[in-house]
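[1] Okay, sequence plus prediction incoming.
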Amino acid sequence: MHKALFVCEILLNIFSHVDKLFSSSYHPKPLGWKSLAALARTCKPFHEPAMDLLWADMHGIVPLLGCVTRLHPIIYHNSKIYLWSSQDIEPLSEHETRQFLRHATRVRSLHLTSSKHFHLFANLPIETCIFPSLFSLSFIVDRLHAKHLHLFLSTTLRRCNLSVIYPDLKYIATRFAALEHLSVEPLSIGPFDDCIADDLPLLSNSVRLCKQLATLCCPPLDWAAWKHISNLPSLLTVEISEPRGGSHWPLGLDTPNFPPFRNLTGLFFYVNTAGYTIAIIQHSELPVLQEFVMKVSVLPWAEAEQLCRALSQCKAVQSLKHIDITSAGPTVGEPSGGSLTVITQFFCFNQLRTLQLDFSHCCFNLDNNLLLEAIESWPYICSLELVDEDTVPTITFRGLLTALPRCPSLRRLDMSMDAVRIDIDPTAESFQHTTLESLNLTRSRVADPEAVARILFSMFPHIDEVTDPRAPWGSFAIAMYSQTQWDEVNMHLNIFNGREPQSPESE
């Protein structure tokens, strides 16, 4: 054997590539497992590093139970080991527990989605941790089996994903002060209920005990928890997910002043209403924030104004690069004569790379002049998506011709425009945007498909067709009418590009 293979670092590097081999069968990595198992049997120098990688990442505990002599023939009596039942099997004895633990010490990452074998550990002492070297735990198990969680809580734990706010959560936060990733996301299949509401104070109190968090994903927190995490220099990302069907705010009436988030770069809200998000943004300073996302069920116009104004004042002017505000809910409220134009609130973000606004009236008052001002404010913009079914578009091809030369990095454009009005002559005015790769104007009405196609062909050499990757929104009749018009535009684009045109009926 070559001398290089006796160097542990070289051997581990080689074996790590073997571990990435996949196959098409049920289990995510059987081919890699088989190869590592063969390497472990090859010679003594290969055995330990191969075995460490073989058991490092586990989906379930069945393979470890298969190491128990009594259970091995039951589990492996056919090839479908994940279909076996342990319902009538007696718990592990002390000797059998040692057989199970023989390789459990090698496990670094464990993903559990079932509790059906937990009764086999009924004889273990309460303080036992069966995975003492565990680094990452995903415990997606119902509340009824929360009592088994302690079996998987290792002092080495750095990442913890839970599907329920378990009673042991405060214990986790206290014991594992070095926890870096905490995710508590109640299963989305059930609506908001009183049980979740009662657990929110426990969640906030537990988060306040975490000292080294880098990422936090959980239901809404109270003010005290927000103040605590604003003091964490390690915190990089916060994701708040509100259970479906309810808007329970644990904030209270007092709104304390808390220090700026020093290193927070990502802030994500998946909520039913916008009030909670607005309150947090209004009281936060986010000097290095790079990405803001809010997916909200209902976004009334008044709240949209508040949110955009608050975001423009959160001290992220020099850092924010990605903004995504989306609402799939019905239109609530209308802009008045004194209403702000939403897009103007984002002019201050001169580092913006992507902007996605998808809610009612987000394009209110947006015209050619404002589009030009917007583009000039975002010299690095790569993706611009403005979806508004309730505002009559006034941007014309003249507006695009004037604005787009100012954004040479733009790769994706999705918006509505007045495509009926042909206000440029592509044969007399030449401009080509050579970086645009995706164009969606399909929510716009068209009067002359051939003229529109000629303009697009002259302006965008890399656009072969204009398509909407999403399902059509708004009135079905209007959507179908516009789609028919854009099918004709695409047919002419095919002709201009020298391809055989395809009629909509043939597709």
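    Right, received. Where do you want to start?
[2] Can you give me the buried ones in stretch 292-307?
    For stretch 292-307, the neighbour count (16 or more other C-beta atoms under 10 Å) marks 292-301, 303-307 as buried. From N, CA and C alone the C-beta is placed, and that goes for glycine too.
[3] What distance separates the opening and closing residues of stretch 397-408?
    17 Å (C-alpha to C-alpha, to the nearest Å).
[4] residues in contact with that stretch?
    Applying C-beta atoms under 8 Å, 6 or more residues apart in numbering, the contact partners of stretch 397-408 are 367-368, 371-372, 374-376, 378-379, 381, 384, 410, 417, 419, 421-424, 429, 431, 433, 435-436, 455, 459.
[5] Which members of those are classed as buried?
    The buried subset of these (16+ other C-beta under 10 Å) comprises 368, 371-372, 374-375, 378, 381, 384, 410, 417, 419, 422, 424, 433, 436, 455, 459.
[6] Could you list which of those residues belong to strands?
    If you go by DSSP state E, the buried ones among the contacts of stretch 397-408 have L384 in strands.
[7] Narrow the buried ones among the contacts of stretch 397-408 to those in helices?
    Judged by DSSP state H, helices contain the following of the buried ones among the contacts of stretch 397-408: 368, 371-372, 374-375, 455, 459.
[8] could those residues be laid out in a markdown table, adding pLDDT?
    As requested, these are exported to a markdown table (pLDDT from 0 to 100):
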| residue | pLDDT |
| --- | --- |
| N368 | 96 |
| L371 | 95 |
| L372 | 96 |
| A374 | 96 |
| I375 | 96 |
| I455 | 95 |
| M459 | 94 |
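[9] and of the residues you listed, the nearest to K227?
    Among these, A374 lies closest to K227 (C-beta to C-beta), at 35.3 Å.
[10] Which parts of the stretch 351-500 of the chain are strands?
    354-358, 383-387, 412-414, 438-440 (DSSP state E, counting those that start in this stretch).
[11] mind giving me JSON lines with those strands and columns for distance to R159 and mean pLDDT?
    Listed next are the strands of the stretch 351-500 of the chain as JSON lines, based on distance: least, C-beta to C-beta, whole Å; pLDDT from 0 to 100:
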{"stretch": "strand 354-358", "distance to R159": "28", "mean pLDDT": "96"}
{"stretch": "strand 383-387", "distance to R159": "31", "mean pLDDT": "95"}
{"stretch": "strand 412-414", "distance to R159": "33", "mean pLDDT": "97"}
{"stretch": "strand 438-440", "distance to R159": "35", "mean pLDDT": "95"}
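[12] With distance to H111 added, can I get these in TSV?
    Listed next are the strands of the stretch 351-500 of the chain as TSV, based on distance: least, C-beta to C-beta, whole Å:
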stretch	distance to H111
strand 354-358	31
strand 383-387	33
strand 412-414	34
strand 438-440	35
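[13] between the ones you listed, which gets nearest to C218?
    Of all the strands of the stretch 351-500 of the chain, it is strand 354-358 that lies closest to C218, at 24.2 Å by C-beta to C-beta.
[14] Quick one: residues in contact with the closest one.
    Counting by C-beta under 8 Å, 6+ apart, 321-327, 342-343, 346, 363, 378, 381-388 sit against strand 354-358.
[15] Nearest spatial neighbour of E94, chain-adjacent residues omitted?
    N123 (7.4 Å; C-beta to C-beta, 6 or more residues apart in numbering).
[16] And A173, by the same measure?
    Nearest non-adjacent residue to A173 (C-beta to C-beta, 6+ apart): L209, at 3.7 Å.
[17] Looks like that neighbour contacts R175 (just checking).
    No. Using C-beta atoms under 8 Å as the test, L209 is too far from R175 to be in contact (9.4 Å).
[18] Bridging across strands, which residues link to V238?
    The partner list for V238 in beta bridges (DSSP bridges) reads L216, L267.
[19] Would you check that it makes contact with I229?
    Yes. Here V238 lies in contact with I229, judged by C-beta under 8 Å, at a distance of 6.9 Å.
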